[in-house]
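**Student:** A structural model of the following input is requested.
(one chain, ligands or ions: 3)
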Amino acid sequence: MSTSPAPTAAGFDIVIRGGTVATTTDTFNADIGIRGETIAAIGLGLGHGRHEIDATGKLVLPGGVDTHAHIEQLSAGGLMNADTFESATRAAAFGGTTTVIPFAAQHRGMQLSKVVEDYHLLAKRGAMIDYAFHMIVSDATEQAIDEIPALVKAGHGSIKLFMTYDRLKVDDEPFLDVLMAARETGAMVCVHAENHGMIAFMVKRLMARGYTAPKYHAVSHARGSEAEAINRLVAMAALIDQPIMIFHVSTVEGARVIRAARGEGLKVYGETCPQYLFLTAADLDKPGMEGAKWMCSPPPREAADQEALWQALALGDLQTVSSDHAPYRFDASGKLSAGPNPSFKQIANGFAGIEVRLPLLFDAMVSQGRLGLQKFVELTATAPAKIYNLHPKKGSIAIGADADIAIWDPKKTVTLDAAMLHDLAGYTPYQGRRVTGWPVTTMLRGAVIVDNGVLKAAPGSGRFLPRGGGEAAKPTGRLSAEFDPARNFGAQLM
Ligand code: DUC
Ligand code: ZN
Ligand code: ZN
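**Tutor:** Ligands and ions are numbered 1, 2, ... in the order given. Below you'll find the predicted structure:
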């Protein structure tokens, strides 16, 4: 970055000059003028900037918006994940991401509002990029449900529910109570959708026969358990006309259920993650415990699923690709917390992905041409910002938007290596993978936070982004037969 001392009257604080800008619809050559925290002008031959950034030969893209990440989060089993808000958001910044939505995770017996307050304090102290929260409700008590409206009003416009995991899952009836509370306050509900009983049955059978290695985790999460749960979820959401987001879709069949639901006009959104586009169950088939490094839930599936998910992204059936960053170290603090030779059931699910999400997708979509640059911008920044009501401040390069910008060198080839990444997991399931295209400069609200491999941000410089549920979370207004007084003998149930 070059500096000149005197700003002109019409000048900018920063001009990013000579780059190629991309949005969800267009790619064009333009300078970007920034005043304070905001994009003030986009045009050719813009006037002077107090600081000038030469973007010749570079792509100037909106900073990434990663709407699914587990940060400094305690698992239901009491295991702390490997990253703090400082380390996870540092990794995000190096990977070109400027906004993240992690979780405030309620466990059984915890007061939801206290949980949210605690995560707030952690993020305020450590975050280097901007953030909001999804509230995980695992104990859907009357008290927790009563707290939802005030929390949504305070800016927590989305809730996450689980249909599986012994200590997290919410059964259908209280699930509907939470959906209704969300509807009444206009919040989005995000769901981990897998059939709990099918998984528990498979685990029991595999264990009884001695199939305990990490690769059998992939077998235990029967692929049909995803489609079944999504189907049931869609039926519950349709009963009360509540919009839903289905997290980490991994199978052909899961994507198919979402397509059908959307075809009926239901407000059903879908997310997938790089692990379902770039890994398969075969990656878990490693000697000893090594396969644990590739364990996540749902597990990576098969090549045909990868193809189906790409197609679902192309068709718009799935709208976002998030990281599901959930780092656990490969030691007694993480994956091996139950000892050196645990069964797959005793191994924490998840791995780090917040830094490599964008480079992996850029390589596939832009460098190798799969779906292209516009779709890359849409899936990784603009669409998640819109769905979670962070747009137009976040997710696009536009006049008036926050100057959250990633400048990419489209020619830079990098071999992914845990040693170069900035999370605290200590390994990456993408070790040795070569990607072309790298974010060389990341800016948050007009401040350079990463410049050519050097961190410029301080912990705590990220800002909380209060938001309601927004447009995506608004009900359609089409009542189900059971809720429509014209078809339910006049009962007023809303
Ligand atoms: N699966 C989840 O549901 N959450 C965290 C990570 C994972 O693999
Ligand atoms: Zn999940
Ligand atoms: Zn997750």
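**Student:** contacts and neighbour counts: CA atoms only from here.
**Tutor:** Fine.
**Student:** any idea whether Val116 is helix, strand or coil?
**Tutor:** Under DSSP: H, G, I helix; E, B strand; the rest coil, Val116 falls in the helix class.
**Student:** Check the one 4 residues further on too.
**Tutor:** Taken by three-state DSSP, the conformation at His120 corresponds to helix.
**Student:** List the contacts of Asp324.
**Tutor:** 68-70, 248, 273, 350, 353-354 (C-alpha atoms under 8 Å, 6 or more residues apart in numbering).
**Student:** Within range of ligand 1, give me the residues from the stretch 151-300 of the chain.
**Tutor:** Counting by C-alpha under 6 Å from any ligand atom, the stretch 151-300 of the chain comes close to ligand 1 at 296-297.
**Student:** can you pull out the strands in the stretch 151-300 of the chain?
**Tutor:** 158-162, 188-192, 244-246, 268-272 (DSSP state E, counting those that start in this stretch).
**Student:** Now render these as a markdown table, adding mean neighbour count.
**Tutor:** Formatted as a markdown table, those follow (neighbours: other C-alpha atoms under 10 Å):
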| stretch | mean neighbour count |
| --- | --- |
| strand 158-162 | 25 |
| strand 188-192 | 25 |
| strand 244-246 | 25 |
| strand 268-272 | 25 |
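**Student:** By neighbours, which of the contacts of Asp324 wins?
**Tutor:** Greatest neighbour count in the contacts of Asp324, by other C-alpha atoms under 10 Å, goes to Ile354: 31 neighbours.
**Student:** Determine the three-state secondary structure at the residue of the stretch 301-450 of the chain found nearest ligand 1.
**Tutor:** Residue nearest to ligand 1 within the stretch 301-450 of the chain: Gly350 (3.5 Å; C-alpha to the nearest ligand atom). Classification of Gly350 using three-state DSSP returns coil.
**Student:** okay, the residue nearest the centre of the chain: pLDDT?
**Tutor:** What sits nearest the mean C-alpha location of the chain, by C-alpha atoms, centre = their mean, is His68, with 2.6 Å. Per-residue pLDDT puts His68 at 98.
**Student:** about what we covered before: farthest-separated two in the contacts of Asp324?
**Tutor:** When C-alpha to C-alpha is used, the two most widely separated members of those are His248 and Ile354, lying 14.3 Å apart.
**Student:** Tell me where the stretch 301-450 of the chain is predicted with low confidence.
**Tutor:** Along the stretch 301-450 of the chain, segments meeting pLDDT under 70 are nowhere present.
**Student:** where along it do the helices fall?
**Tutor:** 303-315, 357-362, 372-377, 383-387 (DSSP state H, counting those that start in this stretch).
**Student:** And the first one, what does it pack against?
**Tutor:** On a contact count with 3 or more C-alpha pairs under 8 Å, 6 or more residues apart in numbering; DSSP states H and E, helix 303-315 meets helix 252-263, helix 274-278.
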